[in-house]
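Participant: got a sequence here, can you model it:
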Amino acid sequence: MNIAEYVECDAIGLATLIHAGEVSPLELTRLAREAHDKVNPHINAVIEFYEDADTVQAANGGIFHGVPFLRKDSGASEAGRLQENGSRLFKGLRPDIDSYFFRRAREAGLRTLGRTTTPEFGSTIMTESILNGITRNPWDLRCSAGGSSGGAAAAVAAGITPIAHGSDGGGSIRIPASWCGLVGLNPSRGRVSAGPKYQDGNGMSRTFVLCRTVRDMAAALDAFSGSYPGDPFIIVQPDRPYMAELSQPTGRLRVGVARSSWGAINLDPEVMRVVDATATLLEEMGHAVQDIDPPYEPTEYRRTYFDPTSASMLDEAARAMGRLISTETLEPVTLKLYEFSRNLPLSRAADVQEARRRIRLRLGEAIHGFDILLTPTMPMVAVPHGGIFSATDPTVSAEGYVEAATASCQYTEVFNVTGQPSVSLPLSQSATGLPIGIQIVARFGDEGTLVRIARDLEEAKPWRHRRPTIWAGEGALTLSDGRGNCANNEYEVSR
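Facilitator: Numbering: from 1, shown residues only. Reported below is the predicted structural model:
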């Protein structure tokens, strides 16, 4: 197998070739390194390709037998490997435990070969940090790859690996999937265990993958679904494997469509065009489509931010690392958020939980009559680096950052609060060639319906033939500053 053949395969395709004896896991590891060496200098998606990658162990067999994999530099950990969370505060940190997620990855046959970039603590929609620099979008180098799983998305989109680890606490899988032209699922709360380190009672963030095809998404659900002792959220497991859902009929669904803004950023006309086209396509498939009004108020959602416990957690982390919280260890906006939260009364934590409860109730009542929702993933296409969405900009205030974050993530964060599964699908492109992701949301615990409807849309509007400017396959790389196709990131956010 050569590099041109490698990049054309999804993860299941590569595993099938290994099972057939046509290629070996070691060959795929070396092809992944070749792809990395070709494209990573231009996109800065992988901060470490393991020196011992050729000897990384995984199960012989499994649904992803021998497939190269990458780990996001926050969240799920590998014992003894660096995990710096995109922050100077954690520089040099090597956890001493394996997460359940990476135990499952090895059992499924995945070989984790390196780690990908993330913004500091995975807290912004742009993957750029003082520690690791800017991660660039393979479709246009002047555009953001999204965040916080931007390194994973850029690596998969450019062809380094067909699948990579990500995590999503407010859109951090779906946002980079939308901007990099990938499939990005945020599973139901409790579907994939976050243990043993992150088995907490919050439940906002979930761990999963970014990939290029719906069948890889379904296979990953089979590989990673399950609970472990001590998990605070236990979810009913499906009656049949998610891969089996790919051959099941979808049935007639009631579809709620979001054609209006849910936040303080207006919907880009090009994104609206894709929402309209997808709604029409679903109607043609026989589904019942109905528009829905915004289910919450932007000012109401901002009350879910500024939890004073986040400051105490940073204090504890700094003590554990033997460092001080300062401009030398935290990024400008992160430091402002820390200082703002530290001065809040502890009663604010209860206010945050009450605000989330009210949003779950309001959203539940608004969408109860629908099987799935169709929304934009993001209100705009990928934006240029820096500005109001970046934690590295010293001119951005804590309040201004939160307002921008809630405005840009108006369709994604709310489903982290409700716990519902949601997937971004790369259904179209802008007039200038940037990917546009569309989000499909299902009822809590119903990933099976998401797999089936995502399969239908992939068949109706296939995307595998699209290639970014920076691509590890054959052909010359375009190494200019980019095509200048990013959306404007100087948004006026209403207060």
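Participant: what ranges does the stretch 151-300 of the chain have for its strands?
Facilitator: 163-168, 183-186, 206-211, 254-257, 288-291 (DSSP state E, counting those that start in this stretch).
Participant: just send those strands back as JSON lines, with distance to Asp276, mean pLDDT and mean neighbour count too.
Facilitator: Where C-beta positions appear, they are placed from N, C-alpha and C, glycine not excepted. Below are those laid out as JSON lines (distance: least, CB to CB, whole Å; pLDDT from 0 to 100; neighbours: other CB atoms under 10 Å):
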{"stretch": "strand 163-168", "distance to Asp276": "26", "mean pLDDT": "98", "mean neighbour count": "30"}
{"stretch": "strand 183-186", "distance to Asp276": "22", "mean pLDDT": "98", "mean neighbour count": "32"}
{"stretch": "strand 206-211", "distance to Asp276": "26", "mean pLDDT": "97", "mean neighbour count": "29"}
{"stretch": "strand 254-257", "distance to Asp276": "9", "mean pLDDT": "98", "mean neighbour count": "19"}
{"stretch": "strand 288-291", "distance to Asp276": "11", "mean pLDDT": "98", "mean neighbour count": "14"}
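Participant: and Ser129, which of those is closest to it?
Facilitator: strand 163-168 (16.0 Å; CB to CB).
Participant: would you put the C-alpha positions of stretch 221-234 in PDB?
Facilitator: Extracted in PDB, the C-alpha atoms of stretch 221-234 (Å, rounded to 0.1, in the frame of the first residue of the first chain):
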ATOM      1  CA  LEU A 221     -20.000   3.500  19.000                       C
ATOM      2  CA  ASP A 222     -19.700  -0.300  19.100                       C
ATOM      3  CA  ALA A 223     -16.100  -0.100  20.200                       C
ATOM      4  CA  PHE A 224     -16.500   2.600  23.000                       C
ATOM      5  CA  SER A 225     -20.000   2.300  24.300                       C
ATOM      6  CA  GLY A 226     -20.400   1.000  27.800                       C
ATOM      7  CA  SER A 227     -20.300   1.900  31.500                       C
ATOM      8  CA  TYR A 228     -17.800   1.100  34.300                       C
ATOM      9  CA  PRO A 229     -18.200   0.800  38.000                       C
ATOM     10  CA  GLY A 230     -18.600   4.200  39.600                       C
ATOM     11  CA  ASP A 231     -20.100   5.900  36.600                       C
ATOM     12  CA  PRO A 232     -22.700   8.500  37.700                       C
ATOM     13  CA  PHE A 233     -24.700   8.100  34.500                       C
ATOM     14  CA  ILE A 234     -25.800   4.600  33.400                       C
END
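Participant: outside of that stretch, which residues touch it?
Facilitator: With CB atoms under 8 Å, 6 or more residues apart in numbering as the test, stretch 221-234 has contacts from 62-64, 100-101, 104-105, 107-108, 110, 185, 187, 189-196, 199-201, 203, 207-209, 235, 237-238, 241-243, 419, 447, 451.
Participant: can you say which of those residues are buried?
Facilitator: 62-64, 100-101, 104-105, 107-108, 110, 185, 187, 189-195, 199, 207-209, 235, 238, 242-243, 419, 447, 451 (16 or more other CB atoms under 10 Å).
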